[in-house]
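Asker: A predicted structure for the sequence below; I have some questions about it.
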Amino acid sequence: MHQIHFQGRALTPSKIICVGRNYVAHIHELGNPIPEQMVVFCKPNSAIGAQLKAYRDEPIHYETEMCFLIQAQQLAGIGIGLDLTKRTLQAQLKSKGLPWERAKAFDGAAVFSPFVALPDSLDGLRLCLHIDGRLAQQGELQHMIYSPQTILAAVSSWMHLETGDVLMTGTPSGVGPLQAGSHYTAALYNADHLLIEHSWTAI
Ligand code: ZN
């Protein structure tokens, strides 16, 4: 089983719960309607990867997301991660009304920074992604349609969350294909205070 790291301790998520379409600008970017209900999908433990692979049967797209670690059914830690997506395949599945697992739950479909303790207030949280030093994505918690606490309450009402499980809270606009050899640096700030920065090089 794959592990994530929280304050130096290894945890084994049973699943990753992802929210789609949580930032209005990204919904418009992909030409999707504003959802009437929260869009939720899962990645299994086997989707957690160590390497960022730019190509798996087709070009892989990055989505930078604030990630929340669950402990005792509560939000306990925060990290930054990439929800990796086979965008062409996802578009085909979506157009047919089929499940997204082939496009979202493949091996290596999620990479994570280490997790740190949740700050006292989440209101000032914002993320950014730089690709080879160029700002590609930025998003603020204040611009989410569903807050992490709302997602936790909604998902917990129908799915038991285990300690170690991770919530991925959706991506802001600026998604795109990975390029082998490029450097992806994701950072999470609480107001002006840097909480986490993590880099991957796509292969
Ligand atoms: Zn996503």
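Answerer: Thanks, I have the structure now.
Asker: helices of the chain, start to end?
Answerer: 24-29, 87-95, 101-104, 148-156 (DSSP state H).
Asker: which of those sits closest to Met38?
Answerer: Among the helices of the chain, helix 148-156 comes nearest to Met38, with 5.7 Å by Cβ to Cβ. Backbone N, C-alpha and C define where each C-beta goes, glycine included.
Asker: other residues contacting that closest one?
Answerer: The contact list for helix 148-156, computed with Cβ atoms under 8 Å, 6 or more residues apart in numbering, reads 17, 19, 38, 40, 66, 68, 70, 73-75, 122, 141, 146, 161, 167, 169.
Asker: tell me which two of those residues sit farthest apart.
Answerer: Farthest-apart pair in these is Gln73 and Leu141; separation 20.8 Å (Cβ to Cβ).
Asker: ok, and what's touching the helix-or-strand element of the chain with minimal mean pLDDT?
Answerer: In the chain, no helix or strand scores lower on mean pLDDT, DSSP states H and E than helix 24-29, which sits at a mean of 82. By Cβ under 8 Å, 6+ apart, the list of residues contacting helix 24-29 from outside reads Arg21, Pro33, Ile34, Pro35, His143, Ile145, Gly170, Thr171, Pro172, Ser173, Gly174, Val175.
Asker: OK, contacts around the closest residue to the ion within the chain?
Answerer: Relative to the ion, the nearest point of the chain is Asp83 (3.4 Å; Cβ to the ion). The neighbours of Asp83, taking Cβ under 8 Å, 6+ apart as the test, are Cys18, Lys43, Tyr62, Glu63, Glu65, Lys104, Ala109, Ala110, Met168, Thr171.
Asker: out of those, which touch the ion?
Answerer: For the ion, the contacts drawn from the contacts of Asp83 by Cβ under 5 Å from the ion are Glu63, Thr171.
Asker: mind checking which of the contacts of Asp83 land in strands?
Answerer: Cys18, Lys43, Tyr62, Glu65, Ala110, Met168 (DSSP state E).
Asker: give me the beta-bridge partners of Met66?
Answerer: Judged by DSSP bridges, the bridge partners of Met66 are Ile80.
Asker: in terms of pLDDT, where does the nearest residue to Arg56 once chain neighbours are set aside sit?
Answerer: With Cβ to Cβ, 6 or more residues apart in numbering as the criterion, Arg56 has its nearest non-adjacent residue at 6.3 Å, and that residue is Phe106. What the model reports for Phe106 is a pLDDT of 98.
Asker: so who does Phe106 touch?
Answerer: Each residue near Phe106 by Cβ under 8 Å, 6+ apart is listed here: Ala47, Arg56, Lys86.
Asker: before we move on, what about Ala109?
Answerer: Lys43, Ala47, Gly49, Asp83, Leu84, Thr85.
Asker: what is the burial count for the first one?
Answerer: Looking back up the chat, that one is Lys43. 23 (other Cβ atoms under 10 Å).
Asker: re the thing from before, and the least confident helix or strand of the chain, which residues are buried?
Answerer: His26, Ile27 (16 or more other Cβ atoms under 10 Å).
Asker: any idea how far that helix is from the chain center?
Answerer: 16 Å (Cα atoms, centre = their mean, to the nearest Å).
Asker: before we move on, what about stretch 7-17?
Answerer: That offset, for stretch 7-17, works out to 14 Å (Cα atoms, centre = their mean).
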